[in-house]
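Trainee: okay, predicted coordinates and the sequence, questions at the end:
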Amino acid sequence: MLYRESGQFKTSYRADQAIFPIRQDRIALMVLLAVVFILVPFVADEYWLGSILTPLLVLSLAAIGLNILTGYAGQLSLGTAGFMAVGAFAAYNLNLRVPELPLIVDFLLAGVFAALVGMVFGLPSLRIKGFYLAVATLAAQFFIEWVFTHVGWFTNYSSSGVISAPPMVIMGVTVDSAVEKYLLTLVMVAVLALAAKNMVRSRIGRSWMAVRDKDVSAEVIGIPLLATKLSAFGISSFYCGVAGALWTYCYLGTVEPAAFDLSRSFQVLFMIIIGGVGSILGSFLGAGFIVLLPILLNNIAAMIGHGTLQADTMANLEHIIFGGLIIFFLIVEPHGLARLWQIAKEKLRLWPFPY
Amino acid sequence: MKKSVFASLALGAGLIAGVSAPVPAVAQAMEQFMPIPIYRTGPYAAGGTGYFGGFMDYMALINERDGGVNGVKLTWEECETAYDNARGVECYERLKGKGPTGASMFHPLSTGITYSTFEKGAADKIPVVSLGYGRGDAMVGSVFPYLFPLVTTYWSQNTSKIKFIGMKEGGMDKLKGKKIVNVYHDSAYGKETIDILNKQAATYGFEIKHFPVAHPGLDQKAIWLQIKQIAPDWVILRGWGVMNPTAIKEAARIGFSREKMLGVWWSGSEEDMRPAGTAAKGFIAAGFNPPGKDFQVIKDIEKVVHAKKKGNIESDRVGTVYYNRGVVTGILSLEAIRLSQEKFGKKPLTGEQIQWGLEHLNLTPARIKALGAEGLVQPIKTSCADHEGGGAVKFSQWDGNQWKIVSDWIEADKGLVRPLAEESAMKYAKEKGITPRDCSKEM
């Protein structure tokens, strides 16, 4: 009953085209933002901030990146982790070699480098589609990983190829506590998510969707394929690159190629499949599912497991349950958690008198 | 459709409730907490279960037989990392505050997780003990106060290996002109020895070629064809998990003698040899702990822990290489706790207090005998400057069924390793703006 839009009249185009046309949604979003920006840093402890929320946000950002490419522009990619690695190593090397630059600029430039690399590997998309493109981006994944493992310059000739991320200083403040890292990540993710949401509603987003739905038709109505596909690859990789930089600086604390292996690419791909292909909200929901569920299962195992089940059974059971839930959700709602949310909203608007 | 919506909402609510709930508050006074970041799944599960199985069994033995360390019972909790760095960091954060005094120390059992957690450990004052793995330069305790690569590092053991090859060839001067191939796991762990091998190659005049094997290491055909062309005198295998039996089988296929293959200690377990079958016969591996049940402490574990069905691992894996390594870890860790208790009192201690014990370990032959670990552990003495302590390894050869020790303790070439480690540690200190402790002032 609370969720009813009767009486909310849209009197301008501006109001009609708002991201959240329903007032309750806007209020809910404001409350959510207030909670994550103000309440969470006060109530959450270091474990929650540092090892659950921060990686969740970073991977959400990567999922938004992939969603732009796969969900909106329809180009299947398995190179997400590779582009994240470009961002991570670019941020590290910029910090090391051009120390004059502020850290935020490093992060954004890291995204730009990732975008350039992404566009290069996006070139084959003009000729190949679908699964074949996925294989081409797979090559990007392996190639990038190989380069960072074997070209010593990128790791500043460290003997193990693992470098610990340098301290983060933003405008004189050293960002080293879990709260500060969380807030930094949150600000970046919030701004970039808003940008992504607006992008997909604008001309460029619409041209991506036109290409996704039928590239020949899109070209016929005057959408340049080259520019559209490459912009999708570029912007998607930008997001992944920033996510990669945040992953190393704010979460892992080390820069190493192994953190960006193929399984990370798959992880992000699963996020958008579970969360919802072609949905910004879905990126967050999917990241939540993929990041939180194993931790939850692991914690439940630790909680109830002592004495009842063998530890090795628990460890494997975790995988079984996780896999089972993925299948369950795909059967129940192939369009992802975002679609479930949408359905829930529609039901709520009619509640308690559905027809 | 409606039902599924509610089902998912319920699940979502459960998700949030479950993640936030899991701190069983059983903080009793006389308990010392030990985090166990195990990996029971994934390609390296044999290592994770064997090692931590031994470690937990040893703690269980001390609890059952002695009633804990001076009456302080040991408690522990597992956290599954699947050998993944990101999950390792999560496990570290999850476990670091548990128990009455927080985590005693953290054993990452992964070079990657070591790199990701040792700075957190230094900030939280929780020692990170990378026993036989991790950063080679971590032995420099003045720069890494909370990182302990106890017993021996990759760098040290690598010099022992070259010494062993020299012995087999009949003297270090005979190494000149020899060809040695280094087949390594293409990860932080595998790459750790490249520099030191190059350095040694220059010193002794042998030729070294490095071949990376991508994780997990099932595809090595091309590499071994190249090795066949090079026809090296020795092959050093820095393998891990499934990469090891694959390498051995490939070596057999190209007809390279397994008796000229030297494995690191992560290439030298029963689990590495058995899958390779008869091909593994003759393979030599370095190790800082011998396998077998012929030690008093292992017998005690069988009697006190496994006979009562309280083991943390299948009973038939007791006495394997990984298992015994876990027991060695337990011995050293608890010895550090015991030492710290002498200084700070017989009560649960914080990580900061245990750091003192780790830094003042002095495992004399008499003490090792009293612990029932004669021959299992080498004498170790750590200090503020030296966080390694031992540095010797034994070589053993696989006879097709089990490991046979074929050498005595072979000391590392400290004169070569130490300056390299210090140089690298100082570089790190400079990068991070750390002022090294003055170890002459530390007691």
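Mentor: Structure's in. What do you need?
Trainee: closest point of the stretch 151-300 of chain B to chain A, which residue?
Mentor: The minimum distance from the stretch 151-300 of chain B to chain A, using Cβ to the nearest Cβ, falls at residue B:188 (4.2 Å). Placement of C-beta: from N, CA and C, glycine included.
Trainee: you'd agree that residue is up against residue A:160?
Mentor: Yes - at 4.2 Å, residue B:188 counts as touching residue A:160 under the criterion of Cβ atoms under 8 Å.
Trainee: of those two, who's got more company?
Mentor: Each of residue B:188 and residue A:160 has its neighbours counted (other Cβ atoms under 10 Å in any protein chain shown); residue B:188 has more, 29 against 26.
Trainee: are we agreed that residue B:34 is in a strand?
Mentor: Yes - the assignment for residue B:34 (DSSP: H, G, I helix; E, B strand; the rest coil) places it in a strand.
Trainee: ok, it - contacts?
Mentor: B:59, B:74, B:75, B:76, B:103, B:104, B:105, B:333 (Cβ atoms under 8 Å, 6 or more residues apart in numbering or on different chains).
Trainee: the fifth one bridge partners, please.
Mentor: Partner residues in beta bridges with residue B:103: residue B:33, with DSSP bridges as the criterion.
Trainee: what does the fourth one give?
Mentor: For residue B:76, the beta-bridge partners under DSSP bridges are residue B:34.
Trainee: count of neighbours near it?
Mentor: Per other Cβ under 10 Å, the neighbour tally for residue B:76 reads 21.
Trainee: tell me which helix or strand of the chain sits lowest on mean pLDDT?
Mentor: Picking chain A for this. Ranked by mean pLDDT, DSSP states H and E, the weakest helix or strand in chain A is strand A:163-164, scoring a mean of 80.
Trainee: the intended chain is chain B.
Mentor: Across the helices and strands of chain B, mean pLDDT, DSSP H and E gives its lowest value to helix B:2-20, namely a mean of 43.
Trainee: quick one, strands of the chain?
Mentor: All of this is about chain A. With DSSP state E as the criterion, chain A has strands at A:163-164, A:168-170, A:173-175, A:254-255.
Trainee: oops, wrong one, chain B.
Mentor: Using DSSP E, strands in chain B cover B:31-36, B:73-78, B:128-129, B:147-148, B:179-185, B:207-213, B:234-238, B:261-263, B:284-287, B:362-363, B:380-381, B:392-398, B:403-405, B:410-411.
Trainee: show me what the third one is in contact with.
Mentor: By Cβ under 8 Å, 6+ apart, the surrounding residues in contact with strand B:128-129 are B:105-108, B:114, B:117-118, B:121, B:134, B:146-148, B:150, B:329, B:332-333, B:358.
Trainee: same thing with the second one?
Mentor: The contact list for strand B:73-78 (Cβ under 8 Å, 6+ apart) reads A:302, A:311, B:30-38, B:52, B:56, B:59, B:62-63, B:67-68, B:95, B:98-99, B:334.
Trainee: check these for burial and list the buried ones.
Mentor: Listed as buried from the contacts of strand B:73-78 are A:302, A:311, B:31-38, B:52, B:56, B:59, B:62-63, B:68, B:95, B:98-99, B:334; burial here means 16 or more other Cβ atoms under 10 Å in any protein chain shown.
Trainee: among the residues you listed, which are in helices?
Mentor: In helices, judged by DSSP state H, the following of these are found: A:302, A:311, B:52, B:56, B:59, B:95, B:334.
Trainee: now the third one. Nearest residue, chain neighbours left out?
Mentor: Nearest non-adjacent residue to residue B:52, counting by Cβ to Cβ, 6 or more residues apart in numbering or on different chains: residue B:38, 4.4 Å away.
Trainee: need phi/psi at that neighbour.
Mentor: phi -80, psi 160 (degrees, to the nearest 10).
Trainee: against residue B:69, how distant is it?
Mentor: To residue B:69, residue B:38 is 22 Å away according to Cβ to Cβ, to the nearest Å.
Trainee: poorly predicted segments of the stretch 1-150 of chain A, please.
Mentor: Across the stretch 1-150 of chain A, the ranges flagged by pLDDT under 70 are A:1.
Trainee: quick check: residues of it near chain B?
Mentor: Those residues of the stretch 1-150 of chain A that sit near chain B, judged by Cβ under 8 Å from any Cβ of the partner chain, are A:46, A:47, A:48, A:50, A:51, A:52, A:55, A:149, A:150.
Trainee: wait, isn't the first one in contact with residue B:93?
Mentor: It stands for residue A:46. Yes - counting by Cβ under 8 Å, residue A:46 touches residue B:93, with 6.8 Å between them.
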